[in-house]
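S.K.: here is a sequence together with a model predicted from it:
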Amino acid sequence: MTSRIVVVGSANLDIVVPVPHHPARGETVLGEDHVQVPGGKGANQAVASARLGGEVAFVGCVGGDSAGEVLRASLIDSGVDVTSLLTATDTPSGIALITVGPDGDNAIVVSPGANAALTSADVASVDSIRTAGVLQLQLEIPMDTTIAAAEAATGLVLLDPAPAPADGLPQRLLDAVDLLVPNETELALLVGRPVDPDSIDDIGSAAASLGVERVVVTLGSKGAVVIANNVVTRVDSPNIDAIDTTGAGDAFRSALAVGLAAGTDLVSAAQVAARVGAATALRFGAQPSLPTTAEVDELLR
Ligand code: RIB
């Protein structure tokens, strides 16, 4: 039986500019026309999980502006339950300023706006967090709120530690997490030392030092490494020419959540997730690019 997925996190309006290269400090770069699309790691993960067949609810906060209406509508259109999506009337919605380079690589600045208004008390009043089979978390809302959600959960807690705090994760959060899914950069930040992305042993020992039961480290085009029960397993990613990698990591994490909610083992779920992430990078924009299961096969054909 498939269990319910609840996502507690951010929703941002993404303002995306394709650029010939990302600006260096002090540099001005002329890009193409900008595009506005719904995004935010939390909302992306809710939409991705729903499009991949999950039964999903989103807990977050948007502003009382037109961006908030766009963000809410995108979740509803994908079948996400928004009963616990709050509106902070006098606050602007979260936005993300994104440049996308010719290789599909991105650089992102987030202005949290209403995401910062989601409090521990807000999540404490949401019973679906406690009863969720899988709880998906990221770090674009206040840390105290994320910790409160993780500690309230009785199901599996999956944390995407992005953006990773430079001083590591609070022990209370680590203690409440069952599955941590950092990328290679976040893993290095969390363990406070460089990690060799080409060394499965180095990735495995760094991940093990975090003290979380299960860790999946994403490596972009190089796939992922699964660390569980003292076994380290490499998972390959399909070869693609990426258009825009924005949202690919969110899609990967959601494919893991949907697989685990359906009772799939972690390595098999990660193999599917690598395909879902790659397929997502073949289309432009965060939520517009998130595929259904059928679209994953079509895109990678
Ligand atoms: O993971 C991609 C997301 O990061 C974007 O949609 C942006 O809003 C930021 O939250």
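M.R.: Noted; the coordinates are in hand.
S.K.: the stretch 201-301 of the chain: helices as residue ranges?
M.R.: 248-261, 266-280, 286-289, 293-300 (DSSP state H, counting those that start in this stretch).
S.K.: centre of the chain to the shortest one, how far?
M.R.: With CA atoms, centre = their mean, to the nearest Å as the basis, the distance from the averaged C-alpha position of helix 286-289 to the chain average is 12 Å.
S.K.: do it and the ligand meet?
M.R.: Yes. Interface with the ligand: helix 286-289 contributes Ala286 (CB under 6 Å from any ligand atom). Bear in mind the C-beta positions are built from the backbone N, C-alpha and C, glycine included.
S.K.: and that helix, C-alpha only, in CSV?
M.R.: Taking C-alpha atoms only, helix 286-289 is exported to CSV below (Å, rounded to 0.1, in the frame of the first residue of the first chain):
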residue,chain,number,x,y,z
ALA,A,286,11.5,24.4,-12.3
GLN,A,287,7.9,23.2,-12.1
PRO,A,288,7.2,23.3,-15.9
SER,A,289,10.0,20.7,-16.3
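S.K.: I'd say Val216 and Thr233 touch.
M.R.: No. At 9.6 Å, Val216 and Thr233 do not qualify as touching, with contact defined as CB atoms under 8 Å.
S.K.: how near is the closest residue to the ligand within the chain to Gly249?
M.R.: Nearest to the ligand in the chain, going by CB to the nearest ligand atom, is Gly39, at a distance of 2.5 Å. Per CB to CB, to the nearest Å, Gly39 is found 12 Å from Gly249.
S.K.: have a look at those two and say which one is more surrounded.
M.R.: A count of neighbours by other CB atoms under 10 Å puts Gly39 above the other of Gly39 and Gly249, at 31 against 25.
S.K.: next, that one: phi, psi?
M.R.: Main-chain torsions, Gly39, degrees, to the nearest 10: phi -150, psi -150.
S.K.: so how far is Ala117 from it?
M.R.: 18 Å.
S.K.: which residues of the protein lie near the ligand?
M.R.: 10, 12, 14, 39-41, 44, 96, 108, 110, 140, 246-247, 249-250, 286.
S.K.: can you say which of the residues you listed are buried?
M.R.: 10, 12, 14, 39-41, 44, 96, 108, 110, 140, 246-247, 249-250, 286 (16 or more other CB atoms under 10 Å).
S.K.: okay, and which of those map to strands?
M.R.: Residues of those located in strands (DSSP state E): 12, 14, 39, 96, 108, 110.
S.K.: contacts only, for the fifth one.
M.R.: With contact taken as CB atoms under 8 Å, 6 or more residues apart in numbering, Ile108 is in contact with 96-98, 246.
S.K.: list the beta-bridge partners for it.
M.R.: Ile98 (DSSP bridges).
S.K.: tell me how far it lies from Pro165.
M.R.: Ile108 sits 16 Å away from Pro165, taking CB to CB as the criterion.
S.K.: now do the contacts for the residue most central in space within the chain.
M.R.: With distances taken as CA atoms, centre = their mean, Asp250 lies nearest the centre of the chain, 3.4 Å away. By CB under 8 Å, 6+ apart, the contact set of Asp250 is 41, 44-45, 48, 160, 280, 286, 290.
S.K.: do Gln45 as well
M.R.: Applying CB under 8 Å, 6+ apart, the residues near Gln45 are 7, 9, 136, 138, 160, 250, 253-254, 257.
S.K.: does Gln136 count as helix, strand or coil?
M.R.: strand (DSSP: H, G, I helix; E, B strand; the rest coil).
S.K.: Pro102 too?
M.R.: State at Pro102, reduced to three classes by three-state DSSP: coil.
S.K.: give me the number of residues near the residue lying closest to Pro197 once chain neighbours are set aside?
M.R.: Leaving aside its sequence neighbours, Pro197 sits nearest to Glu184 (CB to CB, 6 or more residues apart in numbering; 4.6 Å). Neighbourhood size, Glu184 [other CB under 10 Å]: 19.
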